[in-house]
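Participant: kindly generate the corresponding structure for this input.
(chains A and B)
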Number of protein chains: 2
Amino acid sequence: MAKSKSNIVIHNPKWFRNEPRELYCPLPEQRMLYAIHLAKQNVLEKTGGPFGAAVFTTDGHLVAAGVNLVISAGFSLVHAEIMATMNAQHLLDTHDLKQSELGPLELVSSAQPCIQCYGSLYLSGFSSLITGATGEDVEKIGFREGPVPENWVEQLEAEGMLVTTEMLRKDAQEPLQLYKNFGMPIYNSGV
Amino acid sequence: MAKSKSNIVIHNPKWFRNEPRELYCPLPEQRMLYAIHLAKQNVLEKTGGPFGAAVFTTDGHLVAAGVNLVISAGFSLVHAEIMATMNAQHLLDTHDLKQSELGPLELVSSAQPCIQCYGSLYLSGFSSLITGATGEDVEKIGFREGPVPENWVEQLEAEGMLVTTEMLRKDAQEPLQLYKNFGMPIYNSGV
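Facilitator: Down below sits the predicted model:
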């Protein structure tokens, strides 16, 4: 049982490590297009589920990104939003992104967060959130979102987070459809 | 920005790696005492927040465990329940603990899960959950639990999970009190 005591290592995929290190996306739609690009690439490269997320400064500079790695990494936890969060916290050397010297940070996700990723937003320190595909879009291809409260946007806004949903929703649906067309695995563990 | 593209590594603390590799706890209370032991040890060793969690087979054999590493690892995500989940999934080579050859698995946590860890239970594949200290106990020393629904137990039970709360609650409060008495950091990032 020694393995259970060893370190946890999560590998970002090779193609992902070759993505541009600097990117300037002054328009929110440009940031969303990048998150969608990551989601699509993750499907085409067969490295995970059809989800991508990226962290930007409020003036549009890319800080970090992440893709869904549930199957390739073997952890139920590593959704795109979580990987983007961890990659950003790793880069900025803080568990609290509010403490970053880069100022307020924005999480841009190709799809609406599931219950776990929604919950993680209460801990990670993002100041704003933009999502593309809706929870309905995600569930339509078979994934489960879990009991995200109906008023999740209002709940986050009540905490001071700026939330924008359904940005470029049609474009954001494409990686989901692609994943479904490829017949790739829907990996809900459920309870 | 190269660092953001590298791997994510989470180190379990040294003392934790020296914990017993095999443990047989046929009584649920014995399992809870082990989770509480981990929480307390994490405070005494100053490796993280006052929280411990362990994964057992239904007949009481230890599979994996985890402690809160938010500050030492620098990730908001790595609560005790998350580390126990990742350590178990790593050991058993599956993102879905329902697929484990060990049969149904139980998560035992020294305290009630926060909103993120509650959400993670919809993905990880545990069949049962036991908690010690309540959300109220956790918030009393300054940590935030987030918007965990009031009927969270019923919601998980509706999914088929067996949930037992407030087991050895008084003992489970001890690591929380110890952490507070030591004046150790309360690290809510919040939104």
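Participant: what is the end-to-end distance of stretch A:15-35?
Facilitator: 15 Å (Cα to Cα, to the nearest Å).
Participant: centre of the chain versus it, how much separation?
Facilitator: Centroid displacement of stretch A:15-35 relative to its chain, using Cα atoms, centre = their mean, to the nearest Å, is 13 Å.
Participant: ranges for the strands of chain A?
Facilitator: With DSSP state E, the ranges of strands along chain A come out as A:8-10, A:52-57, A:62-67, A:105-111, A:128-133, A:162-164.
Participant: now mean pLDDT and distance to chain B too, for those, in a markdown table please.
Facilitator: Heads up, the C-betas are built off the backbone N, CA and C, glycines and all. Listed next are the strands of chain A as a markdown table, based on pLDDT from 0 to 100; distance: least, Cβ to the nearest Cβ, whole Å:
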| stretch | mean pLDDT | distance to chain B |
| --- | --- | --- |
| strand A:8-10 | 96 | 4 |
| strand A:52-57 | 98 | 9 |
| strand A:62-67 | 98 | 4 |
| strand A:105-111 | 98 | 11 |
| strand A:128-133 | 98 | 9 |
| strand A:162-164 | 98 | 10 |
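Participant: what's the closest of the ones you listed to residue A:185?
Facilitator: strand A:62-67 (15.5 Å; Cβ to Cβ).
Participant: which elements pack onto the longest helix seen in chain A?
Facilitator: Secondary structure of chain A per DSSP state H: the longest helix is helix A:28-44. If you count contacts as 3 or more Cβ pairs under 8 Å, 6 or more residues apart in numbering or on different chains; DSSP states H and E, helix A:28-44 packs onto helix A:14-17, strand A:52-57, strand A:62-67, helix A:80-92, strand A:105-111, strand A:128-133, helix A:169-181.
Participant: the same query, at a cut-off of 7 Å, please.
Facilitator: strand A:52-57, strand A:62-67, strand A:105-111, strand A:128-133, helix A:169-181 (3 or more Cβ pairs under 7 Å, 6 or more residues apart in numbering or on different chains; DSSP states H and E).
Participant: can you tell me how far the spatially most central residue of chain A sits from residue A:118?
Facilitator: Geometric centre of chain A, nearest residue: residue A:81, 2.5 Å, by Cα atoms, centre = their mean. Per Cβ to Cβ, to the nearest Å, residue A:81 is found 9 Å from residue A:118.
Participant: I'd like to know how far the residue nearest to the centre of chain A sits from residue B:168.
Facilitator: Computed as Cβ to Cβ, the residue A:81 to residue B:168 distance reads 35 Å.
Participant: equivalent analysis for residue A:119, please.
Facilitator: For residue A:119, the distance to residue B:168 - Cβ to Cβ - is 26 Å.
Participant: try residue A:79
Facilitator: Taking Cβ to Cβ, one finds residue A:79 at 33 Å from residue B:168.
Participant: one step back: and the helices and strands packed on helix A:28-44: which comes nearest residue A:94?
Facilitator: Of the helices and strands packed on helix A:28-44, nearest to residue A:94 by Cβ to Cβ is strand A:105-111, at 10.7 Å.
Participant: point out where chain A drops to low pLDDT.
Facilitator: For chain A, the stretches with pLDDT under 70 are A:1-5, A:189-191.
Participant: residues touching residue A:175, list them.
Facilitator: Contacts here follow Cβ atoms under 7 Å, 6 or more residues apart in numbering or on different chains; on that basis residue A:175 touches A:36, A:39-40, A:43, A:50, A:110.
Participant: just residue A:114 next, same as before
Facilitator: A:79, A:145-146, A:148.
Participant: need the residues you listed in CSV (columns: distance to residue B:123 and neighbour count).
Facilitator: Shown next, in CSV, are the contacts of residue A:114 (distance: Cβ to Cβ, whole Å; neighbours: other Cβ atoms under 10 Å in any protein chain shown):
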residue, distance to residue B:123, neighbour count
A:79, 8, 27
A:145, 11, 20
A:146, 8, 24
A:148, 13, 19
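Participant: show me which of those neighbour chain B.
Facilitator: Subset of these in contact with chain B: residue A:146, counting by Cβ under 7 Å from any Cβ of the partner chain.
Participant: among the contacts of residue A:114, which lie within helices?
Facilitator: Per DSSP H, the contacts of residue A:114 never map to helices.
Participant: and the contacts of residue A:114, which is closest to chain B?
Facilitator: Distance to chain B across the contacts of residue A:114 (Cβ to the nearest Cβ) is lowest for residue A:146, with 4.0 Å.
Participant: just to revisit the earlier point, who's more crowded, residue A:119 and residue B:168?
Facilitator: residue A:119 (24 against 18; other Cβ atoms under 10 Å in any protein chain shown).
Participant: wait, that one sits on residue B:119?
Facilitator: Yes. Counting by Cβ atoms under 7 Å, residue A:119 touches residue B:119, with 3.9 Å between them.
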